[in-house]
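[1] the sequence isn't on hand, but the structure is:
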């Protein structure tokens, strides 16, 4: 049986993984949502840009983006945004390993084949 200290120590480190984002010039790290972030969006269809601002990070889990970066991310290529958002949603438990859950949920920009999350 685990201890309180073990559980609280585990709460300090969210799951992370590298995501290939060639349109951004290389790989980035993403982290899972915290329990509070997960609860805040569980009944919503989160904006992939907001997901990136919250969860794209460096290898230590420090955010790469801030709210001031939203307009720049919206103006950039969609592929890395959606790849990062899909990875975050999978790490958090919103998606399985396949993207079947995304079918039929597209709010994509016209001419953009990337699904919305």
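    Thanks, I have it. Please read these numbers as outputs of a predicted model, since none were measured by experiment.

[2] buried ones in stretch 28-38?
    28-33, 37 (16 or more other C-beta atoms under 10 Å). Every residue, glycine included, has its C-beta placed from N, CA and C.

[3] give me the subset of those residues lying in helices.
    Counted as lying in helices by DSSP state H, out of the buried residues of stretch 28-38, are residue 37.

[4] now do the helix or strand of the chain with the lowest mean pLDDT: distance to the chain's middle.
    When each helix and strand of the chain is scored by mean pLDDT, DSSP states H and E, helix 35-41 comes last, with a mean of 89. A distance of 13 Å separates the centroid of the chain from that of helix 35-41, by C-alpha atoms, centre = their mean, to the nearest Å.

[5] phi, psi for residue 11 please.
    Backbone torsions of residue 11, given as degrees, to the nearest 10, read phi -70, psi -20.

[6] residues in contact with it?
    Contact analysis of residue 11 by C-beta atoms under 8 Å, 6 or more residues apart in numbering lists nothing.

[7] against residue 81, how distant is it?
    For residue 11, the distance to residue 81 equals 28 Å [C-beta to C-beta, to the nearest Å].

[8] same deal with residue 61?
    On the measure of C-beta to C-beta, residue 61 and residue 81 end up 20 Å apart.

[9] could you do residue 1 as well?
    42 Å.

[10] neighbour count: these two, which is higher?
    residue 81 (23 against 3; other C-beta atoms under 10 Å).

[11] quick check: which element contains that one?
    helix 78-92 (DSSP states H and E).

[12] equivalent analysis for residue 46, please.
    Counting by DSSP H and E, residue 46 is part of no helix or strand.

[13] where's it relative to residue 27, distance?
    22 Å.

[14] repeat for residue 73
    Distance from residue 73 to residue 27, counting by C-beta to C-beta: 17 Å.

[15] so those two - more neighbours on which side?
    Using other C-beta under 10 Å, the more surrounded residue of residue 73 and residue 27 is residue 73, with 20 against 12.

[16] tell me if the more buried one really is in a helix.
    Yes. Membership of residue 73 in a helix is supported by DSSP: H, G, I helix; E, B strand; the rest coil.
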